[in-house]
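**Q** Any chance you can model this:
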Amino acid sequence: MGTEMIRTHQLTKRFPGIEAVTDLTLEVPEGSVFALVGPNGAGKTTTIKTFMNILPPTAGRADVLGTDSRRLGPKQLAQIGYVSENQELPGWMTVSYFLQYCKPFYPTWDDQLAASLVRLFDLPLERRLRALSRGMRIKAALASSLAYRPRLIVLDEPFSGLDALVRDQFIESVLERAAEATVFIASHDLAEIESFASHIGYIDQGRLRFTEEMTALVARFREIEVTLEQPARMPAEWPAEWLNPEHASVVVRFTDSRYERERTENKVRELLPGVRDIVARSMPLRSIFVALAKSAQSREPGE
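**A** Take a look at the predicted model:
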């Protein structure tokens, strides 16, 4: 790693009456599997369409493969594989004709790889694309986007509506390519993302809230449960990194977003008198983002 396959600086996209993406700055390291996650409508698809030059930015800029996204041309696009949940395919083409149609656009097209992807996905070569199930159409799009060994693979909500088997095949094929490519994936399917992403960015209401390596994110979040000797009044001021505090009788719970065992335990004993026990539990990615979402909602009325 060391170079960035995608770099944005204060990227902003406005539509009439709405600012879909605001001042988004991120870097996607070469060789990473970078997941952009957030709720539906958070700005994930707009971000992708903007740095892919499907939509022009309102302000800021994006560089993809070292090129200003507004100047992406055939040379760069031939190195990018792009699959979107709403991708339109020429329904009148058969799968075989579609793959042959795509081949001349990509100098690095690999016939053997294309054939292996067809076998992996069990694609019916003589069937028209419009006659395929949604899962099969996604697999056809993925096969056409991986067959030329792209340096950058961009996936926009690829798991939406797919059954478990198709998702597993999808992930397997992408991870096989990840050794030789950088993957950028936008999704709200946190359980799937957690299993293979190396980096993660969280976007909400068009703003990137943070970006970091997955291992660091998971390491710094803990669900804390404190048991007291007797009921006590809760402190008026909580540390900003302690999210969603709640208590009942002698038990206090919160999410620590900057967990360090010694520091956290010392702070708990300082703020809560009569501590009998402190338990810190690891959190799956979904629980982390539920805690973040709840914390954001609780702040909104006072903002």
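
**Q** going forward, measure contacts between C-alpha atoms and count neighbours the same way
**A** Will do.

**Q** Work out for me the element residue 60 sits within.
**A** For residue 60, the host element (DSSP states H and E) is strand 59-64.

**Q** where along the stretch 201-303 of the chain do the strands fall?
**A** All strands of the stretch 201-303 of the chain, identified by DSSP state E, counting those that start in this stretch, fall at 207-213, 222-228, 242-248, 251-256, 275-282.

**Q** Kindly reformat those as JSON lines containing mean neighbour count, distance to residue 295 and mean pLDDT.
**A** Formatted as JSON lines, the entries for the strands of the stretch 201-303 of the chain read as follows, by neighbours: other Cα atoms under 10 Å; distance: least, Cα to Cα, whole Å; pLDDT from 0 to 100:
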{"stretch": "strand 207-213", "mean neighbour count": "17", "distance to residue 295": "13", "mean pLDDT": "93"}
{"stretch": "strand 222-228", "mean neighbour count": "20", "distance to residue 295": "14", "mean pLDDT": "97"}
{"stretch": "strand 242-248", "mean neighbour count": "15", "distance to residue 295": "6", "mean pLDDT": "93"}
{"stretch": "strand 251-256", "mean neighbour count": "21", "distance to residue 295": "10", "mean pLDDT": "96"}
{"stretch": "strand 275-282", "mean neighbour count": "15", "distance to residue 295": "18", "mean pLDDT": "96"}
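
**Q** Include distance to residue 195 when you put the ones you listed into a markdown table, please.
**A** As requested, those are arranged in a markdown table below (distance: least, Cα to Cα, whole Å):
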| stretch | distance to residue 195 |
| --- | --- |
| strand 207-213 | 13 |
| strand 222-228 | 19 |
| strand 242-248 | 25 |
| strand 251-256 | 22 |
| strand 275-282 | 16 |
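
**Q** what lines up beside the following helix or strand past the strand holding residue 60 in the sheet?
**A** The C-terminal neighbour of strand 59-64 among helices and strands, as given by DSSP H and E, is strand 67-68. Pairing partners of strand 67-68, with direction, according to DSSP bridges: strand 59-64 (antiparallel).

**Q** so where's the stretch 51-200 of the chain shaky on pLDDT?
**A** 161, 178 (pLDDT under 70).

**Q** just the strands in it please.
**A** When assigned using DSSP E, counting those that start in this stretch, the strands of the stretch 51-200 of the chain occupy the ranges 59-64, 67-68, 80-84, 152-156, 182-187, 199-204.

**Q** Can you list the buried residues in the first one?
**A** Pointing back at strand 59-64 there. 61, 62, 63, 64 (16 or more other Cα atoms under 10 Å).

**Q** Could you give the bridge partners of the third one?
**A** Note on residue 63: beta-bridge partners by DSSP bridges are residue 7, residue 68.

**Q** could we number from 51 for the rest of this?
**A** Okay, residue one is now 51; in that scheme the one you just asked about reads as residue 113.

**Q** got the contact list for it?
**A** Residue 113 makes contact with 55, 56, 57, 58, 101, 119 under the criterion Cα atoms under 8 Å, 6 or more residues apart in numbering.

**Q** 6 Å - rerun?
**A** By Cα atoms under 6 Å, 6 or more residues apart in numbering, the contact list for residue 113 reads 56, 57, 119.

**Q** Just name the closest of those residues to residue 173, please.
**A** The shortest distance between residue 173 and any of these, using Cα to Cα, involves residue 56 and amounts to 31.6 Å.

**Q** State the number of residues packed around the closest one.
**A** 22 (other Cα atoms under 10 Å).

**Q** Residue 78 is in contact with that one, correct?
**A** Yes. With contact defined as Cα atoms under 6 Å, residue 56 reaches residue 78; the gap is 5.1 Å.

**Q** what number of residues lie near residue 148?
**A** 20.

**Q** same deal with residue 255?
**A** Residue 255 - counted by other Cα under 10 Å - has 17 other residues nearby.

**Q** In this structure it contacts residue 92, no?
**A** Yes. Between residue 255 and residue 92 there is a contact at 4.7 Å, judged by Cα under 6 Å.

**Q** From the buried residues of strand 109-114, pick the one nearest residue 341.
**A** Distance ranking of the buried residues of strand 109-114 against residue 341, using Cα to Cα, places residue 112 first at 30.5 Å.
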